[in-house]
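K.L.:
What would the 3D arrangement of this be:
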Amino acid sequence: MSRTPAAGQAPTTTVGALPGPVSDLLAAIRDALDVPLADRPVDDVVRAELLTRRAADTRVIVELLLTHGDVERSAARLREWTAEHPVSYAPWKARTDQSAAEEEGLLDAEPASAPEPLYGGDVDQFIADAYDSLADSDMDDERPRCPAAHSEDPDLCTGPVVVTIIDATNAGADGCEHHAARLLASLDGGRVYGLPDAPEGAAIRVHKAADSIRPFPWVSGPRTRPGQLSRAEVRERGEGE
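P.N.:
As a prediction, this is how the structure comes out:
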């Protein structure tokens, strides 16, 4: 007997319908989190440390994936990290009468070597540091920039969004100090305002920096007209005439 979905019900996606890279990423996550139970009770701590490390690696990869959207490279990186931390203990097996009888003796046995603790158990610190280290890696080639960054400006942001730049028509764009200064230098009648959570003096620093930046500094070529020079250069030229 066939059944049709009820009105408004989202269609179900079958496993075979998933794109290949997505299936591979899900398989990599499954393999990373597949940490079998230890056969010996003394190795339970070893297993717990391994599971914690694998879970932390997986979380970092998922966060990077949500930021960059590179499914194939995320899956490959996760498989590399999983291979770096293999199962080092004997996995659990169906207990036989003999192994059950020996269990009491195993409690006094030496455990397998455990991976180094994650920052003394501070998993959040491990994840934060791992994410920061990857921020400058090849997986971060396309990291987003602040709204004040011009599409033709190749420079990366140098910090968080801290100010808003307003043009003569009162249209605005938030930006880091670096791109905000470059945008302000390229506007006639532009203004800068610090955001509520901006560090002290952010707007003043942007205003001062913009004074010595030429308009559209990412554009190469000769600059001779006043509109092509920085405000500081224009003042100097006026003083010398």
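K.L.:
alpha carbons only for contacts and neighbour counts from here, please
P.N.:
OK.
K.L.:
show me the residues around the nearest residue to C146 once chain neighbours are set aside that make contact.
P.N.:
Nearest non-adjacent residue to C146, counting by CA to CA, 6 or more residues apart in numbering: G175, 5.1 Å away. G175 makes contact with C146, P147, A148, A149, P160, V161, V162, V163, T164, I165 under the criterion CA atoms under 8 Å, 6 or more residues apart in numbering.
K.L.:
Those, buried ones only, as a ChimeraX selection?
P.N.:
In ChimeraX syntax, the buried subset of the contacts of G175 is picked out as below (16 or more other CA atoms under 10 Å):
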select :146,147,148,149,161,162,163,164,165
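K.L.:
Tell me which residues of the one helix or strand D31 maps to come out buried.
P.N.:
With elements delineated by DSSP states H and E, D31 resides in helix 20-33, which encompasses its position. Across helix 20-33, burial judged by 16+ other CA under 10 Å covers S23, D24, L25, A28, I29, A32, L33.
K.L.:
ok, those vs A75, which is closest?
P.N.:
L25 (4.6 Å; CA to CA).
K.L.:
Against A17, how distant is that closest one?
P.N.:
Counting by CA to CA, to the nearest Å, the gap from L25 to A17 is 15 Å.
K.L.:
now, among the contacts of G175, which is nearest to V60?
P.N.:
Nearest to V60 out of the contacts of G175 is P160 (CA to CA; 20.7 Å).
K.L.:
Can you give me the pLDDT of V161?
P.N.:
At V161, the pLDDT value in this model is 92.
K.L.:
Please look at it and H178 and confirm they touch.
P.N.:
No: V161 is beyond contact range of H178, at 9.7 Å (criterion: CA atoms under 8 Å).
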